[in-house]
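Asks: All I have is the shape, not the residue letters:
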């Protein structure tokens, strides 16, 4: 068994209203040193180890986990729990 | 300037309907090797380097970026862009 960590972020240039809202709230709380906030998704998949794992995870990211038009993704195959 | 990567995940035991939905969709697409999906948040903060950076990021996480009742957080101070 394998843990896959998937990170999905907005491509640069895509408007990130959620990030702006978080930044403004941080400023309101007094954290004025924060200059930019980008909000993305983080997913942890527990996957049975098999052939073409990396290739299949890439497909999952492109088909479902991210929207390739406006988002970038990256993933790490993290840790092998006693298979 | 410093980049801070913040990862927010649901505590184990907290119901994750979004994760279940993603898992079911992956199964529908034929990725039956996926056993569990947890969905969390990933945030990238660009912060001016200053005193107590780590302490202040911890406060931000506890006050705003995560809900400590149901979520865990972790962060990495990632990369120093020419300050």
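Replies: Received the coordinates, thanks. Note that the coordinates shown come from a computational prediction; the quantities given were computed from them, not determined experimentally.
Asks: From now on I want contacts and neighbour counts done on CA atoms only, so please keep to that.
Replies: Fine.
Asks: List the buried residues in the least confident helix or strand in chain A by mean pLDDT.
Replies: The weakest-scoring helix or strand in chain A, judged by mean pLDDT, DSSP states H and E, is strand A:71-80 (a mean of 89). For strand A:71-80, burial by neighbour count (16 or more other CA atoms under 10 Å in any protein chain shown) applies to A:71, A:72, A:73, A:75, A:77.
Asks: Tell me the gap between that strand and the middle of its chain.
Replies: 8 Å (CA atoms, centre = their mean, to the nearest Å).
Asks: Quick check: neighbours of it in the sheet, parallel or antiparallel?
Replies: strand A:2-10 (antiparallel) (DSSP bridges).
Asks: For the strand it pairs with, buried residues please.
Replies: In strand A:2-10, counting by 16+ other CA under 10 Å, buried: A:2, A:3, A:4, A:5, A:6, A:7, A:8, A:9, A:10.
Asks: gap between the helix or strand following it and the chain center?
Replies: Counting by DSSP states H and E, the element after strand A:2-10 in chain order, helix or strand, is helix A:17-28. Chain-centre distance of helix A:17-28: 19 Å, with CA atoms, centre = their mean.
Asks: can you check stretch A:7-27 too?
Replies: 13 Å.
Asks: And stretch A:37-51, by the same measure?
Replies: On CA atoms, centre = their mean, the centre of stretch A:37-51 falls 7 Å from that of its chain.
Asks: same check, this time on stretch A:53-63
Replies: Offset of stretch A:53-63 from its chain centre (CA atoms, centre = their mean): 14 Å.
Asks: what comes up buried for it?
Replies: Judged by neighbour count using 16+ other CA under 10 Å, the buried positions of stretch A:53-63 are A:53, A:57, A:58, A:60, A:61, A:62.
Asks: Which of those fall in helices?
Replies: A:53, A:57, A:58, A:60 (DSSP state H).
Asks: can I get those residues in JSON lines with pLDDT and distance to residue A:47?
Replies: Shown next, in JSON lines, are these (pLDDT from 0 to 100; distance: CA to CA, whole Å):
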{"residue": "A:53", "pLDDT": "93", "distance to residue A:47": "9"}
{"residue": "A:57", "pLDDT": "96", "distance to residue A:47": "9"}
{"residue": "A:58", "pLDDT": "97", "distance to residue A:47": "13"}
{"residue": "A:60", "pLDDT": "97", "distance to residue A:47": "12"}
